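Peer 1: take this sequence and fold it.
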Amino acid sequence: CRTQECCGLRFFGCRASPAMLKKMLAIGIPSGLQSSMYGISNMILQVGVNTLGTVVVASWAMSGKIDGAYWAISSAFGTAITTFVAQNYGAGRMDRVKACAKKGTWLFFFASIVISGIILCFAAPLLRLFTDDAAVVSTTWDIFIFFVPFYLTWSFPNRSAWNQGRE
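Peer 2: Numbers count the residues shown, from 1 in each chain. You can find the predicted model right below:
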C-alpha cells in the first residue's frame, strides 16, 4: 500500500467496470448455481435413501464408489473441453471454439457409452470386492441398471455450445 510503483494497492482507486461486472455475474451466478445443485440434490436424495433401510443405504454407498469413477472422468472431460474452448476464445479463434466444443462433446458422448458398458459388464465382480452380502450386491445391481444406462444423457451434444463460435 505504501509503494508508489505500479504494483501498489490503492483501495480508493479500485472499482469495477459495470460492463465487466455484468459479464462476470452473467457467467458466475449460473455457474455457481449449477455447482451447488449437485450437492443440494445429493442431500435430498440421501435423506430419502436413509429411510429405506440398511441394505439400501449400503447399496447406495457401494454404487457411489463405482459411480464416482464415471463422474471423475466426466469432470476431466468438462475441464479439458472448457480449457481448449477458453484458450481458443482468448486467441480469437472462434472457428476453433466451435470445433473444440463439438468434437469434445461428441468424444465425451462416446466415452460415456463405453464407460457405461464397462460398468455394466464388470459391476457384479467389482461389487463382490466390497461385500459378500447377496442382498446388498443385488440391490446395488438394481441401482446400476436403473441409472448407468442414462449416463450418456449427461453428454448429449448441446447445439447452443457449438454456436458460440458464431458470436
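Peer 1: what's the neighbour count on Gly78?
Peer 2: Neighbourhood size, Gly78 [other CB atoms under 10 Å]: 14. All C-beta spots, glycine's among them, are computed from the backbone N, C-alpha and C.
Peer 1: can you give me the helices in the protein?
Peer 2: Secondary structure of the chain, counting by DSSP state H: helices at 18-50, 54-90, 94-130, 134-147, 159-162.
Peer 1: which of those sits closest to Glu5?
Peer 2: Of all these, it is helix 18-50 that lies closest to Glu5, at 24.3 Å by CB to CB.
Peer 1: buried sites along that closest one?
Peer 2: Residues of helix 18-50 classed as buried by neighbour count (16 or more other CB atoms under 10 Å): Val49.
Peer 1: let me know the average pLDDT across it.
Peer 2: Per-residue pLDDT over helix 18-50 has a mean of 85.
Peer 1: would you list the helices of the chain in CSV and tack on distance to Thr3?
Peer 2: Putting the helices of the chain into CSV (distance: least, CB to CB, whole Å) gives the following:
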stretch, distance to Thr3
helix 18-50, 26
helix 54-90, 30
helix 94-130, 40
helix 134-147, 57
helix 159-162, 44
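Peer 1: nearest to Leu9, out of those?
Peer 2: So among these, helix 18-50 is nearest, using CB to CB, at 19.1 Å.
Peer 1: just checking, which helix or strand of the chain averages the lowest pLDDT?
Peer 2: helix 159-162 (a mean of 50; mean pLDDT, DSSP states H and E).
Peer 1: coming back round to it: which of the helices of the chain sits closest to Thr153?
Peer 2: Comparison of those against Thr153 by CB to CB identifies helix 94-130 as nearest, at 8.5 Å.
Peer 1: now the closest one: mean pLDDT?
Peer 2: Here helix 94-130 scores 87 as its mean pLDDT.
Peer 1: ok, and for stretch 63-75, which residues are buried?
Peer 2: Neighbour counts over stretch 63-75 (16+ other CB under 10 Å) mark Ser63, Ile66, Asp67, Tyr70, Ser74 as buried.
Peer 1: and the residue nearest the centre of this protein?
Peer 2: By CA atoms, centre = their mean, the chain has its centre lying nearest to Ser75, at 4.6 Å.
Peer 1: residues in contact with that one?
Peer 2: By CB atoms under 8 Å, 6 or more residues apart in numbering, Ser75 lies in contact with nothing.
Peer 1: also the one 4 residues further on?
Peer 2: With contact taken as CB under 8 Å, 6+ apart, Thr79 is in contact with no other residue.
Peer 1: state the distance from Leu126 to Ala19.
Peer 2: 52 Å (CB to CB, to the nearest Å).
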